[in-house]
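**Q** Give me the fold of what follows.
(chains A, B and C)
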Amino acid sequence: MPPARVALFVTCLADLLFPEVGEATVELLEDQGVRVDFPEQQTCCGQPAFNSGFHEEARRMARTLLAAFEGAEAVVAPSGSCAAMVRVYFPRLFEGTRDEARAKTLAAKTYELSEFLVDVLGVESLAGSLHARVTYHDACHGLRELGLAGQGRKLLAGIEGLELVEMARPDACCGFGGTFSVRLPEMATAMADDKLDQASATGADLIVAGDAGCLMHLGGRMSRTGSAMRPMHLAVLLAQARGLRAPGARR
Amino acid sequence: MSEEALAGTFEERAHLQLQVPGLATAIGRAMDTILGNRALAFAGADLEAMREAGEAIRTHTVASLPAYLERFAETARANGTNVFFAETGSEAVEYVRGVLRAHEARLVVKGKSMAAEEIGLNHALEADGTEVVETDLGEYIVQVAHEPPSHIIVPAVHKTRGQIRDLFNRVHGTDLPDEPERITKFARQHLRERFLAADVGITGVNFAIAEAGSFVIVTNEGNGRMCSSLPHVHIAIMGMERIVPSYRELAVLMPLLTGSATGQRVTTYMNFVHGPRRPQDPDGPEEVHVVVLDNGRSSILEGEFRSILHCIRCGACQNVCPVYRQVGGHAYGAVYGGPIGAVLTPLLSGLERFGDLPNASSLCAACTDVCPVRIPLHDHLLELRRAVVLERAGVAERETFGLWSRAWSRAAGYRLFARLARVGQWPLARAHRIRRGPLWLSRWTRDRDLPAVAARTFRERRRRS
Amino acid sequence: MQDEVFLTRLRERLRGVRVPERPTDLPLTPASGDGRLFERFAEELPKVGGQARRVRPGELAGVVAELAAGAGAAVVASGLGAHRDAVLEGLATAGCAAEEPTRERAATADLGVTGAALGVASTGSVLIPMGPDAPRVASLLPPLHVVVIDEDRLVPGFGELFEQMADLSLGRAQTVLVTGPSRTADIELSIVRGVHGPERMVVLVVANGTE
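**A** Sure thing, here's the model as predicted:
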C-alpha cells in the first residue's frame, strides 16, 4: 500500500532560493491524494560539508533531518542529489555513531519526487497541458546514485503540447557538483557552456531537470549570457501543466 | 612531462588548457568516437556480468599479489627471462640503464608505457646520450612536437592533419600533403628504419601471466611486435599489479580492456612474450627483461584504497569524465589524468603536492559507472577529500564549515541565516538576481548570475498558509 | 634476496586481508563464440579490414597465384604443413620468387605467407606461435600477409583460445594473436592501415577433406 502521508524534505536550495519547487512538490503530491507534512526542524542534509571532506560538520546539519523525519512513513525530496545524500551516504556518514540506526532507517524511506510518483504511487502518466519544446537534463546523482531511469521523462510524456527533444548527451554533468562550482568556477562554466550548446542545438525553449542545483547553475549562466532558453524544475512544470499553479507564480 | 606542465595547482593548469583553441572539441570527438565504438564492442554481451567477473578476478589477484608475483618470477626465469623487482622508480631506471650500458646501446625504440613515464625513463636515458624513439604514431607525433600527450589512447588528437603535416615537413624536410594515409606511410617507413637499427626495444606490459611466466602487449599498429622482435634486447616495464593468475582470466579481462579502451572486441595484435629467442629461432631478442615496479603501489595495498590497484589502465574513466573532456590530461599535472589520475596520483606522489586533484571532480560518478572492473572511483575521491581535510585542511575552510554547520544545526539558526542573507543581499540583488557576489561567492558570479534569497522562503510561506 | 625484500613488504601490507576465492565461472563475452566457425570468421575479419576465403585444397595454388599476381618476391614460412607445395606452386605460377624469411628478405618482399595454429571465429583472429617454422618477420614486415590455416583449426572464441594457449606456446619465445591488418586512428581519428605491420591480410581457410 502506498503511503497516504509523507514528509517533505524541501532541501535548503529550494527552501531559500526556489520556494516554488517546494510548493509545486506539495501540490503534485496532494493532487495524488497524499497528505504532506513539513517538519520544520530540517535544515540541510550536509552534502556540501560531506563532499568537502568535513564529516563532523556534515553530521551536525544532517542530524536535523534525523530528528525531523523520525516519525514519517516516507520522505520525499524534489532533488536527486539530496535524496541520494540521505539514501546512499547517511548510513556511511553515521556509521559507528549513536545515530547509526536512525540514519539507516531514514535512508530506507527517502525518495526523490519522480521516483516516488512513478515507483511508489504507481503513476503511469500525468495528464496535463503545456505548449513548449523541452529538453531534459539527467542530473548525475539521481541518475547514478539513486538509479533513476526514465521516471522524469515518463511523467512528461503525458503532457499534451509538450515536445521532448533530447540533447546529444543528456546525462553529461552540467558542472554544478555543489562545491565544485565555486572551487573550480572556470571548469564549471566550461561544462555549463557545453551543456547549453547541446541544449540550444535542440531548439528547446526549456531545460528541465529534477534538481534545483543544476538549474541554478545552468540558469545563472543562461541569464548572464542572455540565452533565450529558460530553466525549469520538473515539479514546477508538472504542477503548472496540471493547472495546480499559475505560470510565473513565484515571488 | 615538462616541469612547466607539472607546476601549479589543478585550477591553474586547467586554466591554461581551457585557453587552447579546439582542444575540448578534439578531446570530445575522441571520447564520443571511442564511446560509440564501445557500445558496439559490447553489444549482445552481458556487460554487467563481465564487470562483476572482472572485479572478482582483480580483487582476488591483488589480495594475493605477492604469491602471484613470486610464481611469475619463477616461471618467467625458467623460460630464460630476467625478472627484476624494483621498489622505487630510480631502482627501475638504474636497472634499465645498466642493461643498456652492458649492450652499449645507442638507440632505443619504445612502445607506450605509462609505468615508464611514471619513472621518467625516457628523460633518464636521453640524459645518458641514448636516442629514444617513441613508436606509437600518436606518441611519435607528440615526441617530435615536444609536447606531452593530450589523451591516453590518441595522444595527438589535439592536432589537425595540417599541423601534423607541417610538423613532419619541418622536422624531416619532406613535402607531404595533409592526407593521413601519406603521412602515415612516411612514418611507417621512417620508423621502420629505426626499428631495424635499434639496439633495445622497451615496452610496457598489459598483463603478466603468473602460471606461464609470459606477458602480453596489445597494440593496433604493430609497434609492440616490432619492439619485442627486432632489437637484440627487449625490456618490459610492468606495474606490479598488472598480473593475472593464468591465461583463462584473459578471456574476460581482454575484451573488457579493449572494449573499454578503444571500443574494440580485440586489438589487431595481442603479443604474448614467453621469453628470449630459442636456439633454433631465426629472429627474436636474445635477452628479455621484465622490470616489476612498485613505486608507491605497495603503500596502497594496505587500507581503504586498495581497489584502485585493480585498474587495468583502459582509460574508460577518462573517456566519460566531463572534467577531462574540457581540459585533457595535461591539467592533472602528472602521468595519469582523469578520475584514475585524481585518485592514484595523490596516493603515489603525496597529498602535499596533489591534494587538490580529488577536488577536480563534480562527483558525477560517470567513472564508477563505466569502470570495467567496478572500482568505486568517485567514492575514492570522496575518501581522499576526507584524508586531505584530516591531514591538511586550510584554516579558512575549516572555520567556514564549522560556523556554517553550527548555525544550521538548529532550525532557528537556519532561519536567522535566511533573514540575514536577505538583508545582506539587498544592495546586490536586482530583479531577484545577484550579479556580483560577496567573498567566495564572487567565484560563482564571475561567469554566472546567482539567484537572490526568496522574499519569502518555502517554510515562511508554509507557516503563513 | 632482492625478491624477498620486495615480496615481504607486500606481504606485510596485505596482512590480515581476506583473499576472496578465485572466480571459476567466467561469463560469456563479445569474444565468445556462438559455435559457428567459418561463417562467423568470415563475417568478423572484414570488419577490421582483413579478408577470409574458404578454399578447397585443390584450389589453394590458384588462389595464391591470384594473390601474388604482380608481386616480385614472397617470403614463405616453413610451417605450412601439407599446404607448402600448393603455396610454392601458386607463387611460381604468378612469377613470384619464394624466399627464405630472413629479415633482409622480409623487409623487401611484397608478401609473407605463414600458417597459423588456431583461428578464432568470434573475432576473425589467427594465432601464430613464432619460431623456426614461423619467423616473426614473415608476418610483420611485408605489406601483405597471407595465412593458410586448416578449417578444423578454427575455434569458437576466446574461451577455447586461452584454453589452448599454453599448449600451443610450449617451447615458443612468442605467440601472436593477429586480427586483421595493422591500423591506427592517431591522425584526426581517421583509420589508416599498414602502420608498423602489414597493410593487407588475407586468411585462406582450407576446407577439410581431400581433393
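
**Q** who's in contact with stretch C:199-211?
**A** C:38, C:41-42, C:45, C:49-58, C:60, C:63-64, C:67, C:83, C:116, C:119, C:124, C:126, C:143-152, C:154, C:178, C:180-182, C:193-194 (Cβ atoms under 8 Å, 6 or more residues apart in numbering or on different chains). Quick note: C-beta positions are derived from backbone N, CA and C, even for glycine.

**Q** Contacts only, for B:R422.
**A** Each residue near B:R422 by Cβ under 8 Å, 6+ apart is listed here: B:A452, B:V453, B:A455.

**Q** do B:V200 as well
**A** Counting by Cβ under 8 Å, 6+ apart, B:V200 has contacts B:V99, B:L100, B:H103, B:A105, B:L107, B:V108, B:V109, B:P231, B:H232, B:V233, B:H234, B:I235.

**Q** Just put these in JSON lines and tack on distance to B:E352.
**A** As requested, the contacts of B:V200 are exported to JSON lines (distance: Cβ to Cβ, whole Å):
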{"residue": "B:V99", "distance to B:E352": "34"}
{"residue": "B:L100", "distance to B:E352": "33"}
{"residue": "B:H103", "distance to B:E352": "39"}
{"residue": "B:A105", "distance to B:E352": "37"}
{"residue": "B:L107", "distance to B:E352": "39"}
{"residue": "B:V108", "distance to B:E352": "34"}
{"residue": "B:V109", "distance to B:E352": "37"}
{"residue": "B:P231", "distance to B:E352": "40"}
{"residue": "B:H232", "distance to B:E352": "43"}
{"residue": "B:V233", "distance to B:E352": "38"}
{"residue": "B:H234", "distance to B:E352": "37"}
{"residue": "B:I235", "distance to B:E352": "32"}
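
**Q** Tell me which of these fall in strands.
**A** Using DSSP state E, B:L107, B:V108, B:V109, B:V233, B:H234, B:I235 are the members of the contacts of B:V200 that sit in strands.

**Q** quick one: the fifth one and B:V205 touch, right?
**A** Read it as B:H234. No. Applying Cβ atoms under 8 Å as the test, B:H234 and B:V205 come out as separate, 11.2 Å apart.

**Q** show me where the stretch 351-465 of chain B has helices.
**A** B:351-354, B:366-370, B:377-392, B:395-407, B:411-425, B:442-445, B:458-464 (DSSP state H, counting those that start in this stretch).

**Q** Could you single out the most deeply buried of those helices?
**A** Highest mean neighbour count among the helices of the stretch 351-465 of chain B (mean count of other Cβ atoms under 10 Å in any protein chain shown): helix B:366-370, with a mean of 23.

**Q** ok, the closest residue to chain C within the stretch 351-465 of chain B - contacts?
**A** Closest contact between the stretch 351-465 of chain B and chain C, by Cβ to the nearest Cβ, is at B:P372 (10.9 Å). Applying Cβ under 8 Å, 6+ apart to B:P372 gives the contacts B:M50, B:R51, B:G54, B:L256, B:L257, B:G259, B:S260, B:I312, B:C314, B:A316.

**Q** if you set the cut-off to 10 Å instead, what comes out?
**A** B:38, B:42, B:47, B:50-51, B:54-55, B:58, B:252-253, B:255-257, B:259-261, B:310-312, B:314, B:316-317 (Cβ atoms under 10 Å, 6 or more residues apart in numbering or on different chains).

**Q** so where does the closest residue to it other than its chain neighbours fall, helix or strand?
**A** With Cβ to Cβ, 6 or more residues apart in numbering or on different chains as the criterion, B:P372 has its nearest non-adjacent residue at 3.9 Å, and that residue is B:L256. B:L256 belongs to helix B:250-261 when assigned by DSSP states H and E.

**Q** Would you mind identifying the next helix or strand past that helix?
**A** Heading C-terminal from helix B:250-261 (DSSP H and E), you reach strand B:269-273.

**Q** Give me the mean pLDDT for that next one.
**A** Strand B:269-273 comes out with an average pLDDT of 98.

**Q** That strand close to chain C?
**A** Yes. Contact of strand B:269-273 with chain C (Cβ under 10 Å from any Cβ of the partner chain) involves B:Y269, B:M270, B:N271, B:F272, B:V273.

**Q** Highest neighbour count among the contacts of B:R422?
**A** B:V453 (23 neighbours; other Cβ atoms under 10 Å in any protein chain shown).

**Q** List phi and psi for it.
**A** phi -60, psi 140 (degrees, to the nearest 10).

**Q** And the strands in the stretch 201-350 of chain B, which stretches?
**A** Assigned by DSSP state E, counting those that start in this stretch, the strands in the stretch 201-350 of chain B fall at B:207-209, B:214-219, B:233-239, B:243-244, B:269-273, B:287-293.

**Q** follow-up on the earlier one: who wins for most neighbours among the residues of strand B:269-273 next to chain C?
**A** The residues of strand B:269-273 next to chain C, ranked by neighbours (other Cβ under 10 Å): first place B:V273, 31 neighbours.

**Q** how close does that one sit to B:R71?
**A** Taking Cβ to Cβ, to the nearest Å as the measure, B:V273 falls 17 Å from B:R71.

**Q** Which of the helices of the stretch 351-465 of chain B sits closest to A:P185?
**A** Closest approach to A:P185 among the helices of the stretch 351-465 of chain B is made by helix B:442-445 (4.6 Å; Cβ to Cβ).

**Q** ok, residues contacting that closest one?
**A** Identification of contacts with helix B:442-445 by Cβ under 10 Å, 6+ apart yields A:181-186, A:188-189, A:216-217, A:220, A:224, B:428, B:433-438, B:450.

**Q** which among those residues end up buried?
**A** By neighbour count, with 16 or more other Cβ atoms under 10 Å in any protein chain shown, the contacts of helix B:442-445 hold A:181-186, A:188-189, A:216-217, A:220, A:224, B:428, B:433-434, B:437, B:450 as buried.

**Q** how many other residues sit next to residue 149?
**A** No chain was given, so I picked chain A. 14.

**Q** switch to chain B, that's the one I care about
**A** B:P149 has 26 neighbours, counted by other Cβ under 10 Å.
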